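Visitor: This is the structure alone, sequence omitted:
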């Protein structure tokens with residue numbers, strides 16, 4: 001639970017294809033999430049002036065792993081207009097998580113690191129050791145979520161990928 005303040009309200013919607021979208025529409029809530037290492041991505045239109053061309057506006061769009069962690073850790077709650085409670089939201093998010101990204105994100109988040117989307121690098125997450133003004137400094141690691149089946153496991157390892165680099169995060 002966030003101390004000294006109500007939980008952040010997140011708005012969960014379905015698009016025409018059945019995908020979930022999780023957004024925050026309050027700037028105070030967006031700042032609170034970022035202070036709790038839930039970064040998200042501003043997707044509103046950019047500012048009109050040249051001086052603030054790198055500034056974006058609300059809504060703050062959360063990835064499903066970010067939303068899952070924020071709700072599961074008591075930082076966020078579903079807005080009343082969502083039509084679902086927090087537990088139902090967690091179930092819906094987990095249904096869409098095929099590779100264990102929610103579990104991996106939450107485990108890394110609990111270790112105190114900052115995480116952002118790693119899509120531009122071909123990874124699931126970019127990992128920052130400390131608050132980095134996330135766009136100014138380089139990430140320290142990239143995180144890949146690999147789903148291991150209980151029924152099939154290929155034992156051959158590449159010389160470049162060690163078991164330690166894969167780690168235990170995200171294993172099922």
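Guide: Arrived safely, thanks for sending. Since the model is a prediction, treat every value here as computed from it, not as a measurement. Numbering: from 1, shown residues only.

Visitor: In which helix or strand does the spatially most central residue of the chain reside?
Guide: The structure's the chain has its C-alpha centroid closest to residue 66; by CA atoms, centre = their mean the separation is 2.6 Å. If you go by DSSP states H and E, residue 66 is part of helix 64-72.

Visitor: Need the residues that contact that helix.
Guide: By CB atoms under 8 Å, 6 or more residues apart in numbering, the list of residues contacting helix 64-72 from outside reads 8, 10, 12, 20, 22, 33, 36, 38-40, 62, 75-78, 86, 89-90, 93-94, 96-97, 101-102, 104-106, 109, 115, 125. Every residue, glycine included, has its C-beta placed from N, CA and C.

Visitor: Going through those residues, which ones are buried?
Guide: Neighbour counting over the contacts of helix 64-72 (16 or more other CB atoms under 10 Å) leaves 8, 10, 12, 22, 33, 36, 38-40, 62, 75-78, 86, 89-90, 93, 97, 101-102, 104-106, 109, 115, 125 as the buried ones.

Visitor: Filter those down to just the ones in helices.
Guide: Among the buried ones among the contacts of helix 64-72, the members falling in helices (DSSP state H) are 33, 86, 89-90, 93, 101-102, 104-106, 109.

Visitor: what's the most distant pair in these?
Guide: Within those, 86 and 104 form the most distant pair, 20.7 Å apart (CB to CB).

Visitor: I figured residue 89 hits residue 13, correct?
Guide: No - counting by CB atoms under 8 Å, residue 89 does not reach residue 13; the two are 11.4 Å apart.
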